[in-house]
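Visitor: okay, structure incoming, though there's no sequence with it:
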């Protein structure tokens, strides 16, 4: 068989049957093998960045490893943003890139770039394959590393001649996922953590994306319910704990509600599970809490004390750690009143909030909501009540504008029975709306809500607050007509709406189950995302809406 055929054999052994990508010269042999094989579902996106985001969305929703294919040179460089996005958010991806033939390497040949060199800092592992008999080893390592420990992306760069060469068939066996027993070295620390919680007066749980990636959500819920203590989330942790539960206080940090930030700031013990304590969440390094003792549970030891000092560090498998803690704390139950402050009238009547609540009412929180990046993302994080893991898909660590359409494609393909909606902004949507053509081509039903304020809203907001209202290149009043854009792509334009009643009426005329719909939700460019904490400030220094 050819090297390309053997590569497909390896992918099948890893459980892969869906790939995203874009053909090009260096991967012609691989796409030819896919054609001859005929068993893979192949989605050719409009752009390699869209393919990477689609593989990312597929991985987040399915819990599997996403796979995408790109050619050498510009094909590979077009995947960089998607790889960086997955790396920051700990998403398992295997990105297979073609490379020029070995005889052309290092000669500045046509469509040659140093793919492994370029991607070294944004991958868990990358490798250049120049021997067809090394394909199996490279794929084994790629999937094992992408899925084990803290998940993340890997790149396998394969020269064209390796894909073309005839080789003898040989056995391939998946390495699976490494068993993680590091928690056994931290038993004493687990007991210290439990003692801190037993003696706490104002404990809280701060849960992040690591809880979702490790499938630990049910154990988190059991621990929180047994202890009867508040739960806050990072953006990546939305859905790790039922946000309709009275113990849930939503997201903490730059755009966390005032009561949420103040509860964290006044806590005496913070149990951080699968969180990076990123700058957007903690603000100032010593401004996250007045004097709380922090317990940090993570699968990646490099996160300890990186952004915030921990009293107790626990490294390893979240499921095993939480089981031990649940047993150790089985007789601990705090008597707490969960009083959620009533939002001021200005917030209750805030139009973006009313839009999101109407969308959630129509689609229910059973749906998967994907966002792009900007004010609309923050409003979704504030107002959407996620009940389950893997149902809020957003770019957290990188804040990647243009992430949304591709990620929504992957999420819908992963679990086609669940409705998928995209909430995006007019600025983000401009970045990668070319992927609406992918939706149309493959008839992937998604409803897209474009929150249109004719501006790059989040940047404009910062310019307004911190740059004395010098709005440099953020307002967007161009000739783009979303109605004709939808028509060009062959999808349904549901209309331009100005309030939630018009939104509901517009959706009545849409096929929400099988159709591809675009709805323009008009918003004033001075509708800003509040509350807000300035970058680098303590999280109790809250800027509120006037």
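Guide: Nice, I can see it. Not measured: the values here are computed from a predicted model.

Visitor: the closest residue to residue 240 other than its chain neighbours sits in which helix or strand?
Guide: Counting by CB to CB, 6 or more residues apart in numbering, residue 211 is the residue found nearest to residue 240 once chain neighbours are left out, at 4.1 Å. For the C-beta atoms, the positions are set from N, CA and C on the backbone; glycine is no exception. Assigned by DSSP states H and E, residue 211 belongs to helix 209-213.

Visitor: chain center to that helix, what's the gap?
Guide: Counting by CA atoms, centre = their mean, to the nearest Å, helix 209-213 is centred 11 Å from the centre of its parent chain.

Visitor: ok, then the element right after it?
Guide: helix 217-227.

Visitor: follow-up on the earlier one: list of residues touching the helix holding residue 211?
Guide: Residues outside helix 209-213 that contact it (CB atoms under 8 Å, 6 or more residues apart in numbering): 89-91, 150-151, 216-217, 220, 234, 236-237, 239-240, 273-275, 298-299, 318, 389-390, 396.

Visitor: in the stretch 401-546 of the chain, which spans are strands?
Guide: Here the stretch 401-546 of the chain has its strands, by DSSP state E, counting those that start in this stretch, at 420-425, 447-452, 492-497, 517-522, 532-533, 542-543.

Visitor: tabulate the ones you listed (CSV), appending mean pLDDT and distance to residue 192.
Guide: Below are those laid out as CSV (pLDDT from 0 to 100; distance: least, CB to CB, whole Å):
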stretch, mean pLDDT, distance to residue 192
strand 420-425, 98, 42
strand 447-452, 98, 46
strand 492-497, 98, 54
strand 517-522, 98, 50
strand 532-533, 95, 31
strand 542-543, 93, 33
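
Visitor: so of these, which one's packed in deepest?
Guide: Of all the strands of the stretch 401-546 of the chain, strand 420-425 has the most neighbours on average by mean count of other CB atoms under 10 Å, namely a mean of 28.

Visitor: quick one, strands of the stretch 51-200 of the chain?
Guide: For the stretch 51-200 of the chain, the strands defined by DSSP E, counting those that start in this stretch occupy 66-70, 93-99, 125-129, 153-159.

Visitor: okay, the ones you listed in CSV with mean neighbour count and mean pLDDT next?
Guide: Below are the strands of the stretch 51-200 of the chain laid out as CSV (neighbours: other CB atoms under 10 Å; pLDDT from 0 to 100):
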stretch, mean neighbour count, mean pLDDT
strand 66-70, 29, 98
strand 93-99, 29, 98
strand 125-129, 20, 98
strand 153-159, 27, 98
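
Visitor: as JSON lines, those strands with distance to residue 169 would be great.
Guide: Shown next, in JSON lines, are these (distance: least, CB to CB, whole Å):
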{"stretch": "strand 66-70", "distance to residue 169": "22"}
{"stretch": "strand 93-99", "distance to residue 169": "20"}
{"stretch": "strand 125-129", "distance to residue 169": "17"}
{"stretch": "strand 153-159", "distance to residue 169": "18"}
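
Visitor: closest to residue 245 out of those?
Guide: strand 66-70 (30.4 Å; CB to CB).

Visitor: tell me how far that closest one is from the chain's mean position?
Guide: Between the centre of strand 66-70 and the centre of its chain there are 17 Å (CA atoms, centre = their mean).

Visitor: tell me what it is packed against?
Guide: Packing partners of strand 66-70 (3 or more CB pairs under 8 Å, 6 or more residues apart in numbering; DSSP states H and E): strand 18-21, helix 48-62, strand 93-99.

Visitor: out of these, which gets nearest to residue 184?
Guide: Comparison of the helices and strands packed on strand 66-70 against residue 184 by CB to CB identifies helix 48-62 as nearest, at 28.9 Å.

Visitor: now that closest one against strand 153-159, angle please.
Guide: 130 degrees (axes from the mean of the first three to the mean of the last three CA atoms, to 10 degrees).

Visitor: who's in contact with residue 254?
Guide: Counted by CB under 8 Å, 6+ apart, residue 254 has contacts 280-281, 283, 532-533, 535.

Visitor: again, only this time at 7 Å
Guide: By CB atoms under 7 Å, 6 or more residues apart in numbering, the contact list for residue 254 reads 280, 532-533.

Visitor: with residue 133 instead?
Guide: By CB under 7 Å, 6+ apart, the neighbours of residue 133 are residue 167.

Visitor: the one 5 residues further on too?
Guide: The contact partners of residue 138, by CB under 7 Å, 6+ apart, come to 127, 129, 156.

Visitor: same check, this time on residue 496
Guide: Applying CB under 7 Å, 6+ apart, the residues contacting residue 496 are 520, 522.

Visitor: list the beta-bridge partners for it.
Guide: On the basis of DSSP bridges, residue 496 is bridged to residue 520.

Visitor: kindly provide the distance from it to residue 481.
Guide: Distance of residue 496 to residue 481, computed by CB to CB, to the nearest Å: 10 Å.

Visitor: which ones are touching the closest residue to residue 457 other than its chain neighbours?
Guide: Excluding its sequence neighbours, the residue lying closest to residue 457 (CB to CB, 6+ apart) is residue 375, at 4.0 Å. Contacts for residue 375 (CB under 7 Å, 6+ apart) come out as 425, 457-458, 461, 528-529.

Visitor: nearest to residue 29 among the residues you listed?
Guide: Using CB to CB, residue 425 is the member of these that sits closest to residue 29, with 40.5 Å.

Visitor: for the helix or strand of the chain with the lowest mean pLDDT, list every residue counted as buried.
Guide: Taking mean pLDDT, DSSP states H and E as the measure, the chain has helix 345-348 as its least confident helix or strand, at a mean of 78. By 16 or more other CB atoms under 10 Å, the buried positions in helix 345-348 come out as residue 347.

Visitor: buried residues in stretch 36-44, which are they?
Guide: Residues 40, 43-44 are the ones in stretch 36-44 that count as buried (16+ other CB under 10 Å).

Visitor: need the distance between the two termini of that stretch.
Guide: Using CA to CA, to the nearest Å, the end-to-end distance of stretch 36-44 comes out at 17 Å.

Visitor: before we move on, what about stretch 523-536?
Guide: By CA to CA, the extent of stretch 523-536 from end to end equals 29 Å.

Visitor: so where is this structure shaky, pLDDT-wise?
Guide: Filtered on pLDDT under 70, the chain yields no residues whatsoever.

Visitor: how does it divide up, domain by domain?
Guide: Domain assignment for the chain by automatic domain parsing gives 3-164, 182-328, 351-526.

Visitor: do a quick rundown of the helices in the stretch 101-250 of the chain.
Guide: Counting by DSSP state H, counting those that start in this stretch, the stretch 101-250 of the chain has helices at residues 115-119, 135-147, 160-164, 187-198, 209-213, 217-227.

Visitor: okay but residue 77 is in contact with residue 112, surely?
Guide: No. Using CB atoms under 7 Å, residue 77 is not in contact with residue 112, being 11.2 Å away.

Visitor: ok so, going back, in JSON lines: the domains of the chain, plus distance to residue 545.
Guide: What follows is those, written out as JSON lines (distance: least, CB to CB, whole Å):
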{"stretch": "domain 3-164", "distance to residue 545": "29"}
{"stretch": "domain 182-328", "distance to residue 545": "11"}
{"stretch": "domain 351-526", "distance to residue 545": "11"}
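
Visitor: ok, which of these comes nearest residue 546?
Guide: Of all the domains of the chain, domain 351-526 sits nearest to residue 546, with 10.9 Å by CB to CB.
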